[in-house]
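*Asks:* My questions concern the predicted model and sequence given below.
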Amino acid sequence: MAYDFDLVVLGGGPAGEKGAAQAAYFGKRVALVEREPEPGGAAVHTGTLPSKTLRETALFLSGYRQRELYGLSVNINPDLAVPKLLSRKNAVRDAEVARIKWNLERHRVEQMHGVARFVDAHTIEVVERGGARNVTSEVFLVATGSKPHQPPNIPFDDEDVDDSDTILQIDRLPKKMLIVGGGVIGCEYASMFAAMGVAVTLVEGRDRLLPFLDWEMGERLRGALAGLGVDIRLGEQTTEIARAPGRGIVTKLKSGGEIAAEKVLAASGRSGRTEELQLDKVGVAVDKRGYVKVDDNYRTAAANIYAAGDVIGFPMLASTSMEQARVGVCHAFGFTYKRQVSHLLPFGIYTIPEVSCVGLSEETAKEQKIAYVVGRAFYRDNARGKIVGDKDGVIKLVFDRETRKLIGCHCIGDRASELVHIGQAVITLGGTVDTFIEMVFNYPTLSEMFKYAAYDALGGFAKTGKR
């Protein structure tokens, strides 16, 4: 049977764009269906880039980096701050949308706008502004992304109760803000608003923030947030959130306490955006959060339908989503170019300060019964750290005691999400503690801390006679 296309991609976020471009690069006829007016998905419009742009703008407007360094005191005008925040976010969004369109056009990917749903395994119906039409394809890639999960006990119909998408439509800086959920999104927004002088309370049901982090890094982040003025309530749960006359929005806690705030952000995780696809018609299952189940090649239960990105769940990183889509497309068409996603995934948390990690934490090394050695270097002892005024940053390296190889890299501080890639490269290439000792780093740079973290680790090796 002759199909309209070799590949039709559903969704124009990071996974959709890269999957479409990958197939088109190898000469396949590709179309991409996007329900929103512009491509980019949550990464461009409501998540990754907007929140990170707001972070940088907040740092600039608040003078956070210069307060102690130059003795400056910056008072933010709330009436001017929000327009500045939003204008910068919009400028970055527009530039990235233009880049995505250019990338799709240069690969000759046909772009369609509308809501898609499956008719059968090789046919979708695309509902557009002018009506509906059927489109056939040999292969489909579902990359429809995710949306904020909205627990039924939280009154999202109140204009001052936001999820991680609607918070970006904020029209003013509140004096007091409650954030429910101490995951990545909750911690990032808590630090941003606190840096701008908002009194933030962060409520998290677990007994630690971001438990996937190395415990030491998580504790350092908790201390940094507290230093910004964030009131962190761990092991606490909300029982009711409702507007109270004269008090704003009042949140009742399981412990019996109450928190009054002008604004509430419920950072309750995300769900797969699959409800309109009618995947059941083609035998593709989703879980209770709407995530599509796939195999190691990102193929669903339907042999010609693949899925990648947020729509398949963890880790829900733009960087990983792109690679998943490329691997899925290569598998679908038998390309030998890219056959798997690296098992070594870096995580970046854009809080103030940044936190980033790759590889094994101390806790994971212990669980796997790996004898290990740790080396640390501190920003306060580094010349570039002194220049930028970061006194609290740390680079922590975890080495296998027997092989001397680097197995984990953990960073907190200025440029942590960039620095971690040095550790990632060394782990990937099987580098050891001696790799850092032998390397020559520019001076002054934050990167130089890797050498001194390695020197620090040598003390641990010396205790076992493996110096």
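*Replies:* Thanks, I have the structure now.
*Asks:* residues touching the closest residue to residue 185 other than its chain neighbours, list them.
*Replies:* In space, and not counting its chain neighbours, residue 185 is closest to residue 267: 4.3 Å by CB to CB, 6 or more residues apart in numbering. The C-beta positions use only the backbone N, C-alpha and C, and glycine is treated the same way. With contacts defined as CB atoms under 8 Å, 6 or more residues apart in numbering, the neighbours of residue 267 are 163-164, 179-183, 185-186, 189.
*Asks:* Where does the prediction get shaky in the stretch 1-150 of the chain?
*Replies:* Low-confidence segments of the stretch 1-150 of the chain, defined by pLDDT under 70: 1, 65-80.
*Asks:* now the strands: where do they sit in it?
*Replies:* In order along the chain, the stretch 1-150 of the chain carries the following strands (DSSP state E, counting those that start in this stretch): 5-10, 30-34, 110-113, 115-120, 123-128, 131-142, 146-148.
*Asks:* May I see those strands organised as TSV, with mean neighbour count added?
*Replies:* Compiled in TSV, those are given as follows (neighbours: other CB atoms under 10 Å):
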stretch	mean neighbour count
strand 5-10	26
strand 30-34	25
strand 110-113	17
strand 115-120	17
strand 123-128	18
strand 131-142	20
strand 146-148	21
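*Asks:* any chance of those in a markdown table, with distance to residue 337 too?
*Replies:* Formatted as a markdown table, the entries for those read as follows, by distance: least, CB to CB, whole Å:
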| stretch | distance to residue 337 |
| --- | --- |
| strand 5-10 | 15 |
| strand 30-34 | 16 |
| strand 110-113 | 22 |
| strand 115-120 | 27 |
| strand 123-128 | 26 |
| strand 131-142 | 16 |
| strand 146-148 | 27 |
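*Asks:* now the angle between strand 5-10 and the biggest helix by length in the chain, please.
*Replies:* The helix spanning the most residues in the chain, taking DSSP state H as the definition, is helix 78-106. Using axes from the mean of the first three to the mean of the last three CA atoms, to 10 degrees, the interaxial angle of helix 78-106 with respect to strand 5-10 works out to 170 degrees.
*Asks:* Helix 78-106: which residues count as buried?
*Replies:* Using 16 or more other CB atoms under 10 Å as the burial criterion, the residues of helix 78-106 that qualify are 81-82, 85-86, 88-89, 92-93, 96-97, 100-101, 103-104.
*Asks:* just checking, what packs against it?
*Replies:* Taking 3 or more CB pairs under 8 Å, 6 or more residues apart in numbering; DSSP states H and E as contact, the helices and strands that helix 78-106 lies on are helix 14-25, helix 41-45, helix 48-62.
*Asks:* follow-up on the earlier one: of the contacts of residue 267, which pair is most distant in space?
*Replies:* Of all pairs drawn from the contacts of residue 267, the one with the largest separation by CB to CB is 163 and 182; the distance is 15.5 Å.
*Asks:* Pick out whichever of those two has more residues nearby.
*Replies:* Here residue 163 and residue 182 are compared on neighbour count by other CB atoms under 10 Å; more neighbours surround residue 182, at 26 against 20.
*Asks:* Need phi/psi at the more buried one.
*Replies:* The phi and psi values for residue 182, taken as degrees, to the nearest 10, are phi -100, psi 40.
*Asks:* Which residues are in contact with it?
*Replies:* Contacts of residue 182 were listed using CB under 8 Å, 6+ apart, and they are 190, 202-204, 206, 209-210, 232, 234, 267.
*Asks:* By neighbour count, which of these wins?
*Replies:* Ranked by neighbour count (other CB under 10 Å), the contacts of residue 182 have residue 190 at the top, with 30 neighbours.
*Asks:* Which other helices and strands does the helix or strand that contains that residue contact?
*Replies:* In this structure, residue 190 sits in helix 184-195 according to DSSP states H and E. Helices and strands touching helix 184-195, by 3+ CB pairs under 8 Å, 6+ apart, are helix 48-62, strand 176-180, strand 199-204, helix 215-227, strand 347-349.
*Asks:* Deepest in the core, which of those is it.
*Replies:* Across those, the average number of neighbours (mean count of other CB atoms under 10 Å) peaks for strand 176-180, which reaches a mean of 25.
*Asks:* packing partners for that strand?
*Replies:* The criterion is 3+ CB pairs under 8 Å, 6+ apart, and the helices and strands that strand 176-180 contacts are helix 184-195, strand 199-204, strand 248-253, strand 258-261, strand 263-266.
*Asks:* do you know which of those lies nearest residue 310?
*Replies:* With CB to CB, the closest approach to residue 310 among the helices and strands packed on strand 176-180 belongs to helix 184-195: 12.9 Å.
*Asks:* contact partners of the closest one?
*Replies:* Applying CB under 8 Å, 6+ apart, the set of residues contacting helix 184-195 from outside is 51, 54-55, 58-59, 62, 64, 164, 167, 173, 177, 179-180, 182, 200, 202, 204, 209-210, 221, 224-225, 228-230, 265, 267, 349-352.
*Asks:* One more: stretch 452-459?
*Replies:* Defining contact as CB under 8 Å, 6+ apart, one finds that stretch 452-459 is touched by 373-377, 381-382, 395-397, 399, 433-437, 467.
*Asks:* Quick one: work out the angle between the strand or helix carrying residue 241 and strand 248-253.
*Replies:* Residue 241 belongs to strand 238-244 when elements are defined using DSSP H and E. Relative orientation of strand 238-244 with respect to strand 248-253: 160 degrees, computed using the same axes, to 10 degrees.
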